[in-house]
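Colleague: Below is the sequence, then the predicted model.
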Amino acid sequence: MKVYHTLEPIYNQNSKVLILGSMPSVKSREENFYYAHPRNRFWKTLAKVYNEEITDKKEFLLKHKIALFDVIKECDIEASSDSTIKNVVPNDLSEILKNSKIEAIFTTGTKAYTLYQKYIFPKTNIKAIPLPSTSPANSKKDIEEILVKAYSEIKKKTT
């Protein structure tokens with residue numbers, strides 16, 4: 001099924017780190033916000049990394065100089081399964097990069113990293129740092145601890 005990315009990127013002129021997912025999930029598209037599935041650990045992980053409660057997600061990101069977007073502008077995908085992604089059209093990151101202070105790019109999950117390398121890296125020449133997926137499908141043992149340790153790299157780049 002053809003799916004279009006409908007969420008605006010979150011960033012401002014002070015953003016120093018860009019986090020890229022692959023494509024918003026069905027739930028995120030329904031809720032019109034990133035990582036909206038209640039079992040996705042993205043927001044919980046960032047709350048632990050920064051040791052604060054997140055009440056306003058957009059405000060939290062901007063306060064910590066984090067930009068958020070996705071690699072894919074449109075693609076064929078079944079439900080929210082990254083493994084089914086085909087016929088990718090990448091997002092253009094040039095406006096974000098031009099109008100911010102991005103010093104590091106992180107990708108959430110293997111698919112986002114692979115697609116970034118294939119479609120976006122040749123245009124930006126900015127290496128991405130891959131992070132583990134916060135998806136509920138990632139059920140590795142000790143995933144909470146793994147996520148907090150990996151995502152702590154974001155904090156190092158924004159403080």
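Modeller: Great, that's in hand.

Colleague: now the lengthiest helix in the chain: how far from the chain's centre is it?
Modeller: Longest helix in the chain by number of residues (criterion: DSSP state H): helix 143-158. The chain centroid and the centroid of helix 143-158 are separated by 13 Å under C-alpha atoms, centre = their mean, to the nearest Å.

Colleague: Which neighbouring elements make contact with that helix?
Modeller: For helix 143-158, the packing partners by 3 or more C-beta pairs under 8 Å, 6 or more residues apart in numbering; DSSP states H and E come out as strand 17-21, helix 42-50, strand 104-108, strand 128-131. Any C-beta I mention is one placed from the backbone N, CA and C, and that applies to glycine too.

Colleague: out of these, which comes closest to Ala67?
Modeller: Taking C-beta to C-beta, strand 17-21 is the member of the helices and strands packed on helix 143-158 nearest to Ala67, at 4.4 Å.

Colleague: Quick one: work out the angle between the closest one and strand 104-108.
Modeller: Put simply, strand 17-21 runs at 20 degrees to strand 104-108, going by axes from the mean of the first three to the mean of the last three C-alpha atoms, to 10 degrees.

Colleague: Would you mark the buried spots in the helix or strand following strand 17-21?
Modeller: The first helix or strand that comes after strand 17-21 along the chain, using DSSP states H and E, is helix 26-31. Buried residues in helix 26-31, counted by 16 or more other C-beta atoms under 10 Å: 28-29.

Colleague: Which residues does stretch 136-155 contact?
Modeller: For stretch 136-155, the external contacting residues (C-beta atoms under 8 Å, 6 or more residues apart in numbering) are 17, 19, 37, 39-41, 45-46, 48-50, 64, 66, 81, 104, 106, 109, 129, 131-132, 134.

Colleague: What pLDDT is listed against Lys141?
Modeller: For Lys141, the pLDDT comes out at 63.

Colleague: Which members of the contacts of stretch 136-155 are classed as buried?
Modeller: Among the contacts of stretch 136-155, those that count as buried by neighbour count (16+ other C-beta under 10 Å) are 17, 19, 37, 40-41, 45-46, 48-50, 64, 66, 104, 106, 109, 131-132, 134.
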